[in-house]
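1. Provided below for reference: sequence and predicted model.
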Amino acid sequence: MQGGAAGSAYRGRTASIGFAHGPLVRVDAGAGGERVAGTLVEEALALRKAIDLASGQIADLAATAGGEAAQILEFQVALLEDEDLIEMIFASIGEGRPADVAWRSTLDEQIAAYNSAEDEYLQARSSDLADLRDRVVHILRGDQGEPLKIPSGGVVCADDLPPSRFLEIDWSGGGGLALLHGSPTSHVAMLARARGIPMVVQLGAIPDAGATALLDGEGATLELDPSAEQVRIFEKRRESHRKSRASARAILRRPTASWRGEHIKLLINIQRVDDLEHADAQYADGIGLMRTEFLLAGQGALPDEETQFQAYDAVLRWAGQRPVTIRTFDAGGDKPVPGFTFDGEANPFLGVRGLRLCLARPEVFAVQLRALARAAVHGNLKVMFPMVTQADELEAGRKLFADVVQRLQADGIAAMLPELGIMVEVPAAALAVSSFKAAFFSIGSNDLAQYVLACDRSNGALAPLMDPLHPAVLELIARTAEHGRRAGISVSLCGDMAGDPRCLPALLNCGLRELSVNASALAQIKQTIDRLSSGGSVG
Amino acid sequence: MLDRADGQNFTGNVRLVHAVGMHARPAVKLTKLAKKFQAQISVRVAGAPEWINAKSVAKIMAMRAAHGSTIEIKASGSDAEAAVAALVDLVASDFPDGAG
């Protein structure tokens, strides 16, 4: 469904709920902008200027990002300061090539050389070079003259936005994100939801003009240069949203949600330990999904046992008696990790990812299992494996885990085997769910829907087909829930569906009684269940 | 190891103990340190046909020196001796943080 104009209002699709009223900030205005090349001297000067600007931008980014990210960015700065490399490009300009062509072709040669390396770590560096290549090309084309300086509360408007650009923006003063294309299931949408930044995607074409914007993440609208009347109505909607959030927050403090007399457990998903600082997190019945990929984000080395143990232990301490489900590394697919995942897979979503990858890299997996086994003695830990197809895979993982526990105990280190469960996201696993000897199941609805519907969830063009409420998806959810009910095994759902009020009636009707959502969605979901329970509608 | 060569030329060699070999972070540290010296500094994996400019991070990375390989370093210029000593020390001490 493409957006369209109604006066100066544009409609798209909701990616993250919330409201933003502020200056419109265009990013990447002329994405395909062709440069007009100048004389040799002008081209050489243009490249020198672009390199200096890029260098400054990356240094600034490194200074704010700090830590591991800063060290990674240092490599890009070092490349820009590499006189041998830069000389090759100036030589190419001297032969008559425009600056952007010379730069791009030299970088492309380097990237190709890295990609052809047998060493996976070296291959993975090609993404650093590609990032650098694009940054300088953008500067040369005038797409991006200055580092991204978003005024406080600004509404950022772009074609699409890679996660790295999202992270470059300082969102502490609020603001919102309006994308002409993009998808509600993209990585950047996940980041926006986690941070509570309103985001609307697939707005279609909007004119270049416009100084002030109203972004309504709930109604999925963008209004440009609004009249006083439009602002008044917008502020009214924002206020009623705030009030409904406030009353939802009040509901949070009440005991467990219930629907038709049955308790509904509401847990939270966390991406990193800091997510527990969200004000609403304390009201959760536990942690339904702790992702562990953040531990892999430092590209220099895979995380050691102690670093991992500290993270898991911190979360278990926070939770006390409440259950904490930690998912083992779910790398691969759209989450490549240099030095860990396999490069060059033609179809990574169907490739060596999730548990498949961990079983293929037992030396990396064992470190995580050791840290988990040690943490297990400190709380109510459950461990789940992602991307499981066959019962044998669960058993192979269990065996590795049991061996690790045995070795730790033999060395006199406190450790135990936690409850083991699986993510249900491969359709085969959902269909043959009774073949798994799992202590619990957690439905990963994002991937399940992507695989059942044969739609790449990051491809915005498929958004109309990517319907999680498709009867085939609901059928698999219902089957899994039904098996859990009969066998007395807990079944939860931790995908985006759980945090989407419109999906709630269907999920409850499928028989699900445990849902795991981002802390920022907890209040609204609890309130929606409350309304449904008293015979009301979703909204 | 540091050997005196003719006149202003100095050479040394050192084993690469870094776990993943000469990758991004070590390469950045090595080139940063090399750039602190006036001397012309070249490196190669022992026995390789070509010497490589120690101040070019792209070339150092392309050298693909593996864990356990021996790196040869040679330098010429006024501060060549100090340069070779410093680089040998950096590699031998496994590129400690704060170095380079």
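-> Arrived safely, thanks for sending.
2. test my guess that residue A:469 contacts residue A:507.
-> No - taking contacts as C-beta atoms under 8 Å, residue A:469 lies outside contact range of residue A:507: 9.5 Å. Any C-beta I mention is one placed from the backbone N, CA and C, and that applies to glycine too.
3. roughly how far apart are residue A:12 and chain B?
-> 39 Å (C-beta to the nearest C-beta, to the nearest Å).
4. same thing with residue A:235?
-> 49 Å.
5. before we move on, back to that, so between residue A:469 and residue A:507, which is more surrounded?
-> residue A:507 (24 against 14; other C-beta atoms under 10 Å in any protein chain shown).
6. can I assume that one sits in a strand?
-> No - counting by DSSP: H, G, I helix; E, B strand; the rest coil, residue A:507 is located in no strand; its state is helix.
7. got a list of contacts for the helix ranked longest in chain B?
-> Longest helix in chain B, counting residues (DSSP state H): helix B:80-92. The contact list for helix B:80-92 (C-beta atoms under 8 Å, 6 or more residues apart in numbering or on different chains) reads B:1-2, B:8-18, B:26, B:29-30, B:33-34, B:36-37, B:39, B:41, B:43, B:54, B:71, B:73-75, B:77, B:99-100.
8. mind running it again at 6 Å?
-> B:2, B:8, B:10, B:12, B:14, B:33, B:37, B:39, B:41, B:71, B:73, B:75, B:99 (C-beta atoms under 6 Å, 6 or more residues apart in numbering or on different chains).
9. which two in these are spaced the farthest apart?
-> Using C-beta to C-beta, the two most remote members of the contacts of helix B:80-92 are B:8 and B:99, lying 25.1 Å apart.
10. what parts of chain B come near chain A?
-> Proximity of chain B to chain A, by C-beta under 6 Å from any C-beta of the partner chain, involves residues B:20, B:23, B:24, B:25, B:28, B:53, B:56, B:57, B:58, B:59.
11. same thing but at 8 Å, please
-> Within chain B, the positions near chain A by C-beta under 8 Å from any C-beta of the partner chain are B:19-21, B:23-25, B:27-28, B:31-32, B:35, B:53, B:55-59, B:61-62, B:64.
12. of these, which belong to strands?
-> When DSSP state E is applied, the residues of chain B next to chain A are split such that residue B:53 fall in strands.
13. show the buried residues in the residues of chain B next to chain A.
-> Buried by 16 or more other C-beta atoms under 10 Å in any protein chain shown: B:20-21, B:23-25, B:27-28, B:31-32, B:35, B:53, B:55-59, B:61-62, B:64, out of the residues of chain B next to chain A.
14. can you read off the pLDDT for residue A:503?
-> Per-residue pLDDT puts residue A:503 at 95.
15. what comes up buried for the helix or strand encompassing residue A:258?
-> Element membership for residue A:258 (DSSP states H and E) is strand A:257-259. In terms of neighbour count (16+ other C-beta under 10 Å), strand A:257-259 has its buried residues at A:257, A:259.
16. so what are the sheet partners of the helix or strand following that strand and their directions?
-> Sequence-wise, the next helix or strand downstream of strand A:257-259 (DSSP H and E) is strand A:262-270. If you go by DSSP bridges, strand A:262-270 pairs up with strand A:257-259 (antiparallel), strand A:287-290 (parallel), strand A:514-518 (parallel).
17. low-confidence regions, the stretch 251-400 of chain A specifically.
-> A:298-300 (pLDDT under 70).
18. helices of that one, start to end?
-> Taking DSSP state H, counting those that start in this stretch as the criterion, the stretch 251-400 of chain A contains helices spanning A:305-319, A:355-360, A:362-376, A:391-410.
19. of the ones you listed, which is nearest chain B?
-> Chain B lies closest, by C-beta to the nearest C-beta, to one member of the helices of the stretch 251-400 of chain A: helix A:362-376, at 12.6 Å.
20. what angle separates the closest one from helix A:391-410?
-> 60 degrees (axes from the mean of the first three to the mean of the last three C-alpha atoms, to 10 degrees).
21. can you confirm whether helix A:362-376 lies near chain B?
-> No - between helix A:362-376 and chain B, judged by C-beta under 8 Å from any C-beta, nothing touches; the nearest distance is 12.6 Å.
22. which parts of that helix are buried?
-> Of the residues in helix A:362-376, A:364-376 count as buried by neighbour count, 16+ other C-beta under 10 Å.
23. where does residue A:218 sit: helix, strand or coil?
-> Assigned with three-state DSSP, residue A:218 falls in the coil class.
24. for the residue lying closest to it once chain neighbours are set aside, give me phi and psi.
-> Distances taken as C-beta to C-beta, 6 or more residues apart in numbering or on different chains place residue A:17 nearest to residue A:218, at 5.2 Å, with adjacent residues excluded. Main-chain dihedrals, residue A:17, degrees, to the nearest 10: phi -80, psi 150.
25. now the one 3 residues further on
-> Comment: the main-chain dihedrals of residue A:20 come out as phi -140, psi 140, following degrees, to the nearest 10.
26. so what pairs up with the closest residue to it other than its chain neighbours in the strands?
-> Leaving aside its chain neighbours, residue A:20 sits nearest to residue A:176 (3.1 Å; criterion: C-beta to C-beta, 6+ apart). Beta-bridge partners recorded for residue A:176 (DSSP bridges): residue A:155.
27. next one, pLDDT for residue A:176 please.
-> Residue A:176 is given a pLDDT of 94.
28. now residue A:192
-> You'll see residue A:192 listed with a pLDDT of 83.
29. can you count the residues close to it?
-> Using other C-beta under 10 Å, residue A:192 is surrounded by 27 other residues.
30. kindly state the pLDDT recorded for residue 27?
-> In the absence of a named chain, chain A is used. For residue A:27, the pLDDT comes out at 77.
31. wait, chain B was what I had in mind.
-> In this model, residue B:27 is scored at 92, pLDDT.
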